[in-house]
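Chemist: prediction below, plus the sequence it came from.
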Amino acid sequence: MALIEVKVPDIGDFDEVTVIELMVKVGDTVKAEQSLITVESDKASMEIPSSMAGVVKELKVKLGDKVKEGSVVLMIEAAGAAASAAPAAASTPAPVQATVPAPASVAGPSSVASAGPVEVRVPDIGDFKDVAVIEVFVKAGDTVKVEQSLITVESDKASMEIPSSAAGVIKELKVKLGDVVNIGDLLAILQGAEGAPAVAAPAASVAAPAVAASSAAPIAVASAGAVPAHNPTAAVGAVLPHASPSVRKFARELGVPLEELKGSGPKGRITQDDVQSFTKAVMSGATQTKAQAANAPKAAAGGGEALGLLPWPKVDFTKFGAVERKDLSRIKKISGANLHRNWVLIPHVTNHDDCDITELEAFRVQMNKENEKSGVKVTMLAFMIKAAVAALKKFPEFNSSLDGDQLVLKQYFHIGFAADTPNGLVVPVIKDADKKGVAQISTEMGELAKKARDGKLGPADMSGACFTISSLGGIGGRYFTPIINAPEVAIMGVCKSQIEPKWDGKAFVPKLMLPLSLSWDHRVIDGAAAARFNAYFGQLMTDFRRILL
């Protein structure tokens, strides 16, 4: 094994650039051309790649250090095969520079710009082709100076600012965010300022990270259809999020708006960990992007412009009396948007029925008396969950989800139950309910309900449900229309049971009747199947011995 120095290659005219990001640590195994550090000048940030593969033995730089061509970045222990596999040129990488000379069509330094139109084009940016425009600093009507930055372009290894080669007023901007440009492409048309030099400063070099001239791996850049990681509707001239090109590319791939992140790196720099943490927070519902926050109130308020409906009425309620304004809870904002979507997109039909739970309730009360010392209290909802599992097995289309033109039939039985909390409704999920007894389900429901009230439910506690039961039994009511929890295709709603007189063939006898409200997705389920499901569910609740059949 050989210990080899990896140095900063030729980075053009830049001298003593700052190390702003370390991408590896001691012990890491790196590949040839893998990025090791990010350096930054006032015009460009670039990633310095490794000239060979091996294991990092020692880091020679730290955040904030100044480096230049020839500075040792780290020591690599390279295997003989790995070291020899790298091209000989790798030890002395050929620079890939993005120089910014004055365009050939512009007069020499001593000339004066005319008052007529002046074309500003992309100068020689080295070997980079099809680089994406990720930031636009100016707009039509702006007055610019020579060398003033007009746009920022970016590959997956470097970002660079393209300056103006002339002074004047921008009459027309020829590029926009997301465009792909190459050397010679027209950026803008200026109305030249009298007496202003019409040339850029001599060959200001904007160096991209050097790579071996013989390298077979081309540098990939964003495609024309790439969505910028920052907000494309942001005001022109807004500051580009402080992040390396690879982090911005990573954010674009995940659809993360970098301008909404707070960086944890030096000087507030956004790191890959910041992007990942933000993504996890959004997916868990712990935070929202500005776009989500803007859309959620609209969905909750019921605005119907997108559906061709009249706009939601705007009313000054204070004209009629005193009012108090209160923000919706985070749970209600999120669930409100989901419920609105589900109600609009799913063709709901609801079947109402009743079932006799006289004997089951007597059995439940007896169980709780016998198990009083154990502290486990069996609830009627636990029996409903077991009944739901049996019904899903008998009618498998109820245990499915739509995926385009296909129906996904699930072989597992996870049952969600709606839990009321001070902040709104949440739906914890009992996983593998088919493998658990009524007592175990009751215990698990109690634990999940407590977590819900305490606001400690995690995403895993609320995901994966096949079917949901929404019970208002402890409150009241007779029937209601529960909204299906997409991507499920059905939901069972139950209200408070009550004693009713029922004819047994000889006389009216008191029976404890439980109201059932089954909502189902008519794209997947038809009326006959829904009626059978509801009837079978009721039969199970009336005679729970059927569960064993």
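Modeler: Thanks, I have it. Numbers count the residues shown, from 1 in each chain.
Chemist: mind checking how far Lys25 is from Glu397?
Modeler: With distances taken as Cβ to Cβ, to the nearest Å, Lys25 is found 53 Å from Glu397. C-betas here are computed from N, CA, C, even on glycine.
Chemist: who's more crowded, those two?
Modeler: Between Lys25 and Glu397, counted using other Cβ atoms under 10 Å, the more crowded position is Glu397 (17 against 9).
Chemist: thought the more buried one was touching Val489?
Modeler: Yes. When contacts are counted by Cβ atoms under 8 Å, Glu397 is listed as touching Val489 (7.4 Å).
Chemist: tell me which element the residue most central in space within the chain is part of?
Modeler: Geometric centre of the chain, nearest residue: Thr279, 4.8 Å, by Cα atoms, centre = their mean. Assigned by DSSP states H and E, Thr279 belongs to helix 272-284.
Chemist: and that helix, how far from the chain's centre?
Modeler: Centroid displacement of helix 272-284 relative to its chain, using Cα atoms, centre = their mean, to the nearest Å, is 8 Å.
Chemist: next: stretch 57-64.
Modeler: On Cα atoms, centre = their mean, the centre of stretch 57-64 falls 33 Å from the chain's centre.
Chemist: next, the buried residues of that stretch.
Modeler: The neighbour-count check on stretch 57-64 (16 or more other Cβ atoms under 10 Å) flags 59, 61 as buried.
Chemist: what about that stretch, start to end distance?
Modeler: 21 Å (Cα to Cα, to the nearest Å).
Chemist: what average pLDDT does the lengthiest strand in the chain get?
Modeler: Secondary structure of the chain read by DSSP state E shows that its longest strand is strand 508-521. In this model, strand 508-521 has a mean pLDDT of 96.
Chemist: ok, back up a step: show me what the helix holding Thr279 is packed up against.
Modeler: Under the contact criterion of 3 or more Cβ pairs under 8 Å, 6 or more residues apart in numbering; DSSP states H and E, helix 272-284 touches helix 245-254.
Chemist: just how off-centre is the helix it packs on within its chain?
Modeler: Worked out by Cα atoms, centre = their mean, helix 245-254 lies 12 Å from the chain centre.
Chemist: that helix to helix 272-284, inter-axis angle?
Modeler: 10 degrees (axes from the mean of the first three to the mean of the last three Cα atoms, to 10 degrees).
Chemist: flag every buried residue along helix 245-254.
Modeler: 245-252.
Chemist: in TSV, list those residues along with pLDDT and distance to Ala465.
Modeler: Supplementary listing: those in TSV, determined by pLDDT from 0 to 100; distance: Cβ to Cβ, whole Å:
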residue	pLDDT	distance to Ala465
Pro245	71	41
Ser246	72	38
Val247	81	35
Arg248	77	37
Lys249	74	35
Phe250	81	32
Ala251	84	31
Arg252	77	32
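Chemist: quick one: Gln539 from Ala390, how far?
Modeler: Distance from Gln539 to Ala390, by Cβ to Cβ: 10 Å.
Chemist: ok, now Lys174?
Modeler: Distance from Lys174 to Ala390, by Cβ to Cβ: 67 Å.
Chemist: neighbour-wise, which of the two wins?
Modeler: More neighbours surround Ala390 than the other of Lys174 and Ala390, with 20 against 14 (other Cβ under 10 Å).
Chemist: any idea which element that one lies in?
Modeler: If you go by DSSP H and E, Ala390 is part of helix 380-394.
Chemist: what pairs with the helix or strand following that helix, parallel or antiparallel?
Modeler: Counting by DSSP H and E, the next helix or strand C-terminal to helix 380-394 is strand 400-403. If you go by DSSP bridges, strand 400-403 pairs up with strand 406-409 (antiparallel).
Chemist: and the angle for the longest strand of the chain with helix 380-394?
Modeler: 60 degrees.
Chemist: per-residue confidence for Asn351?
Modeler: pLDDT, Asn351: 96.
Chemist: okay, the angle between whichever helix or strand it is part of and helix 380-394?
Modeler: Using DSSP H and E, Asn351 sits within strand 348-356. Relative orientation of strand 348-356 versus helix 380-394 (the same axes, to 10 degrees): 120 degrees.
Chemist: strand 348-356: what's the following helix or strand?
Modeler: Next helix or strand after strand 348-356 toward the C-terminus (DSSP H and E): helix 358-370.
Chemist: ok, the closest residue to Phe363 other than its chain neighbours to Phe128 distance?
Modeler: Counting by Cβ to Cβ, 6 or more residues apart in numbering, Phe363 lies nearest to Phe544, which is 7.2 Å off, once chain neighbours are set aside. According to Cβ to Cβ, Phe544 stands 72 Å off from Phe128.
Chemist: tell me which of those two has more neighbours.
Modeler: Ranked by neighbour count (other Cβ under 10 Å), Phe544 and Phe128 place Phe128 first, with 23 against 19.
Chemist: wait, doesn't that one sit right on Ser155?
Modeler: Yes. Contact criterion Cβ under 8 Å: Phe128 and Ser155 qualify, at 5.6 Å.
Chemist: shared neighbours, Gln539 and Ala390?
Modeler: Each of Arg546 lies in contact with both Gln539 and Ala390 under the rule Cβ atoms under 8 Å, 6 or more residues apart in numbering.
Chemist: returning to that earlier point: what lines up beside the longest strand of the chain in the sheet?
Modeler: strand 348-356 (antiparallel), strand 490-494 (antiparallel), strand 498-503 (antiparallel).
Chemist: now that strand: buried residues?
Modeler: So for strand 508-521, counting by 16+ other Cβ under 10 Å, buried means 511-521.
Chemist: cool, and stretch 461-476?
Modeler: Applying 16+ other Cβ under 10 Å to stretch 461-476 flags 461-462, 465-473 as buried.
Chemist: for the stretch 1-150 of the chain, just list every one of the helices.
Modeler: 80-85 (DSSP state H, counting those that start in this stretch).
Chemist: where does pLDDT dip in it?
Modeler: Within the stretch 1-150 of the chain, the segments meeting pLDDT under 70 span 1, 12-14, 42-43, 79-115, 126-127.
Chemist: isn't Pro422 up against Ala452?
Modeler: No. Taking contacts as Cβ under 8 Å, Pro422 lies outside contact range of Ala452: 9.9 Å.
Chemist: the closest residue to Phe278 other than its chain neighbours: neighbour count?
Modeler: Spatial nearest neighbour of Phe278, excluding adjacent residues (Cβ to Cβ, 6+ apart): Leu261 at 5.4 Å. Counted with other Cβ under 10 Å, the neighbours of Leu261 add up to 21.
Chemist: now do Val344
Modeler: With neighbours defined by other Cβ under 10 Å, the count for Val344 comes to 11.
Chemist: then Arg478?
Modeler: With other Cβ under 10 Å as criterion, Arg478 counts 12.
Chemist: which SS state does it fall under?
Modeler: coil (DSSP: H, G, I helix; E, B strand; the rest coil).
Chemist: residues contacting it?
Modeler: Arg478 touches 495, 515, counting by Cβ under 8 Å, 6+ apart.
Chemist: so it versus Pro515, what's the distance?
Modeler: 6 Å.
Chemist: likewise for Asn534?
Modeler: 11 Å.
Chemist: which residues do these two both contact?
Modeler: Common contact partners of Asn534 and Pro515 (Cβ under 8 Å, 6+ apart): Asp353.
Chemist: quick check: Gly184 touching Val122?
Modeler: Yes. Between Gly184 and Val122 a contact is recorded at 6.2 Å, counting by Cβ under 8 Å.
Chemist: which one's more surrounded, those two?
Modeler: Val122 (22 against 11).
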